[in-house]
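Engineer: Give me coordinates for this.
(one chain, ligands or ions: 1)
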Amino acid sequence: MSRTYKQYINGSWTAGESTETFESENPATHETLGTFHRGTEADVEAAVAAADEAFEEWRSYSRIDRAEYLWDVYHELRDRHEELGEIVTRECGKEISEGKADVTEAWHMVEWAAGDARHPNGDVVPSEVAAKDAYMRRKPRGVTACITPWNFPVAIPFWHMAVTLVEGNTVVWKPAEQTPWCGQIIAEMMVDAGIPDGVFNLVQGYGDAGAALVDDDRVRTVLFTGSAEVGHEIQQQVSADPHKRAACEMGGKNAVVITENADLDIAVHAAVMSSFKTTGQRCVSSERLIVHTNVYDEFKSRFVELAESVAVGDPLDEETFMGPLIEPEHLDKVTSYNELARDEDVNVLVDRTELDASEIPDGHEDGNWVGPFVYEADPDDDLRCTSEEVFGPHVALLEYDGDIERAVEIQNDTEYGLAGSIISEDYRELNYYRDHTELGLAYANLPCIGAEVQLPFGGVKKSGNGYPSAREVIEAVTDRTAWTMNNSKEIEMAQGLSADITTSE
Ligand code: ADP
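Structural biologist: Have a look, this model is predicted:
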């Protein structure tokens, strides 16, 4: 029998105001993993009030003292690596190496944030006036709403929360409704670390709880990772309030460019990883492969062969490459985009929308299974399937002729600007791509997936405003003060501005 878990508000585990609960399900089996109290507006209100109340005291601690709590979390993440990796895989269906990598990425982020507490914080800045000392100092902004998605259920929460807490803000976190069990375990870790009451609060539930959080006047910063639809709604709402700030990281219609100078071994390897790892459910997954005509046929036959045979199956099995999709509604969405592509008259090369019964592991018949869907389309055709984000193993081959400028033009022909990669042995092509693509994350001779916490992460255009990551999240959750101090008894101004006060006498 599965347990019913509570929310964590103001230092206590509480069912909250609602009697409504929801379940977490294993997407590979539909087994129930746990039952969770569904957060209401009243629960959000209580959590924000607690975070607001706790802020003054929390900000008064030194950064190093605040980081000490996170070091405890860091050790627990490391000590429980195998166990938590398996829980990630059971709750969100990513194959086991990805489940474990999610936990590793989380402790890397905690290590970065807690380690940063002992690093210089702010800048000493020169002044024109010799007697003036000028500094840039930072202050925490206050209550921070962290709204996270299901696909990195341990890593992304720490991308949001680790730096935020070290910088002296308090947190109300709403994990994704698909992965509340990971949310529960992270909250237990915060409690184990002895984090003071109200500094960290967990509200479980759905978009309505997230919306209530964004709406609360006491929330100063919203950190959001998720869909472009929700992210843009949040950005618009927050922009109406001058006290608030939103840092949003959304999806993409990412591409891999394979030029005529590509090493095709790298190209095929990188393209398969970019398109099918995490069953295409990464915000950086690639749904467009832009391939030069001189290498097109060879690339196509090698890519198609792998797409036909790539292993879909039990995500706990180390031989599996692709696990299930997160939920039945998402399976419907991916399936309907595959149908849309057919309706838009593209040339379908691989269609594993319906997997063979023999491909589905025993006991997993109820999982949200789908395999790769690969097609050829004309990059100049105005198609929904090549321009809208599917968030699944749905990938278009777009053949191009001409130079790197043409490839980059196709790459940039999207409203999104998150991630991309180029495969080429020609450094001029690589550098042109680097300098002219409209992307937040760009890779050369690599898949277009794979983030390390010490690098900025985030996109441009419809993909976000590039904040929620290690260094950049500091900008989002603090305000800067330019602090100038006079060491002289005289007042002297910069730019030759007179400091004399003249009077009518
Ligand atoms: P995905 O498509 O990856 O599930 P969503 O944008 O739907 O992305 O969800 C990401 C997070 O945002 C989840 O925690 C979800 O509950 C939350 N969310 C959904 N709708 C809203 C909303 N209107 N306001 C705030 N948060 C929301």
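Engineer: can you map out the helices along the stretch 401-505 of the chain?
Structural biologist: 404-412, 427-436, 470-477 (DSSP state H, counting those that start in this stretch).
Engineer: Over to the chain?
Structural biologist: Taking DSSP state H to define them, one finds helices in the chain at 41-60, 63-79, 81-92, 96-116, 155-166, 180-192, 207-215, 228-239, 264-276, 293-309, 328-343, 404-412, 427-436, 470-477.
Engineer: what packs against the fifth one?
Structural biologist: Packed against helix 155-166, as judged by 3 or more Cβ pairs under 8 Å, 6 or more residues apart in numbering; DSSP states H and E, are the following elements: helix 63-79, helix 96-116, strand 143-147, strand 170-174, helix 180-192, strand 219-225, helix 470-477. The C-beta positions use only the backbone N, C-alpha and C, and glycine is treated the same way.
Engineer: Kindly calculate the angle that the fifth one makes with helix 63-79.
Structural biologist: Relative orientation of helix 180-192 versus helix 63-79 (axes from the mean of the first three to the mean of the last three Cα atoms, to 10 degrees): 130 degrees.
Engineer: One more: the longest one?
Structural biologist: Between helix 96-116 and helix 63-79, the angle formed by their directions is 160 degrees, by the same axes, to 10 degrees.
Engineer: Which segments of this protein make up each domain?
Structural biologist: 4-250+464-483, 254-444 (automatic domain parsing).
Engineer: Flag every buried residue along the helix-or-strand element of the chain with minimal mean pLDDT.
Structural biologist: Ranked by mean pLDDT, DSSP states H and E, the helix or strand of the chain with the weakest confidence is helix 470-477, at a mean of 88. In terms of neighbour count (16 or more other Cβ atoms under 10 Å), helix 470-477 has its buried residues at 470, 472-474, 476-477.
Engineer: For stretch 371-387, measure first residue to last.
Structural biologist: Its first and final residues considered, stretch 371-387 spans 21 Å by Cα to Cα, to the nearest Å.
Engineer: same deal with stretch 201-210?
Structural biologist: This stretch, stretch 201-210, spans 13 Å end to end (Cα to Cα).
Engineer: so who does residue 191 touch?
Structural biologist: Residue 191 makes contacts with residue 8, as judged by Cβ atoms under 8 Å, 6 or more residues apart in numbering.
Engineer: mind checking pLDDT for it?
Structural biologist: At residue 191, the model reports a pLDDT of 98.
Engineer: and if you look at residue 451?
Structural biologist: 85.
Engineer: And the residue nearest to it when sequence neighbours are not counted, how close does it get to residue 496?
Structural biologist: What sits nearest to residue 451 in space, not counting adjacent residues and going by Cβ to Cβ, 6 or more residues apart in numbering, is residue 457, at 5.0 Å. Separation of residue 457 from residue 496 (Cβ to Cβ, to the nearest Å): 44 Å.
Engineer: now residue 483
Structural biologist: Note on residue 483: its distance to residue 496, by Cβ to Cβ, is 23 Å.
Engineer: which residues does residue 460 bridge with?
Structural biologist: residue 417 (DSSP bridges).
Engineer: Show the contacting residues for the most centrally placed residue in the chain.
Structural biologist: Nearest to the geometric centre of the chain sits residue 225, at 5.0 Å (Cα atoms, centre = their mean). Taking Cβ under 8 Å, 6+ apart as the contact definition, residue 225 lies against 147-149, 156, 159-160, 248-250, 283, 468.
Engineer: again, only using 10 Å
Structural biologist: Residues counted as contacts of residue 225 (Cβ atoms under 10 Å, 6 or more residues apart in numbering) are 146-149, 151-152, 156-157, 159-160, 176, 231, 247-251, 283, 457-458, 464, 468.
Engineer: same question, residue 402
Structural biologist: For residue 402, the contact set (Cβ under 10 Å, 6+ apart) comprises 260, 292-293, 409-410.
Engineer: Just the buried subset of those, please.
Structural biologist: By 16+ other Cβ under 10 Å, these give 260, 292, 410 as buried.
Engineer: before we move on, the earlier item: excluding sequence neighbours, find me the nearest residue to the residue nearest to the centre of the chain.
Structural biologist: Spatial nearest neighbour of residue 225, chain neighbours left out: residue 249 (4.5 Å); criterion: Cβ to Cβ, 6+ apart.
Engineer: tally of neighbours for the nearest residue to residue 429 once chain neighbours are set aside?
Structural biologist: Distances taken as Cβ to Cβ, 6+ apart place residue 404 nearest to residue 429, at 4.4 Å, with adjacent residues excluded. Residue 404 sits with 24 neighbouring residues when counted by other Cβ atoms under 10 Å.
Engineer: go on, the one 10 residues further on?
Structural biologist: With neighbours defined by other Cβ under 10 Å, the count for residue 414 comes to 23.
Engineer: Please apply the same query to the one 3 residues further on.
Structural biologist: The criterion is other Cβ under 10 Å. On that basis, residue 417 has 24 neighbouring residues.
Engineer: Quick check: bridge partners of the spatially closest residue to residue 15 that is not a sequence neighbour?
Structural biologist: If the residues on either side of it in the chain are set aside, residue 15 comes closest to residue 37, at 4.8 Å by Cβ to Cβ, 6+ apart. Here residue 37 sits in beta bridges with residue 21, going by DSSP bridges.
Engineer: Near residue 37, how many other residues are there?
Structural biologist: Neighbours around residue 37, by other Cβ under 10 Å: 24.
Engineer: distance of it from the ligand?
Structural biologist: To the ligand, residue 37 is 15 Å away according to Cβ to the nearest ligand atom, to the nearest Å.
Engineer: Quick one, grab the pLDDT at that residue.
Structural biologist: pLDDT for residue 37: 97.
Engineer: and it, how far is that from residue 148?
Structural biologist: 18 Å.
Engineer: go on, residue 306?
Structural biologist: In this structure, residue 306 lies at 32 Å from residue 148, with Cβ to Cβ as the measure.
Engineer: same check, this time on residue 73
Structural biologist: From residue 73 to residue 148 the distance is 16 Å (Cβ to Cβ).
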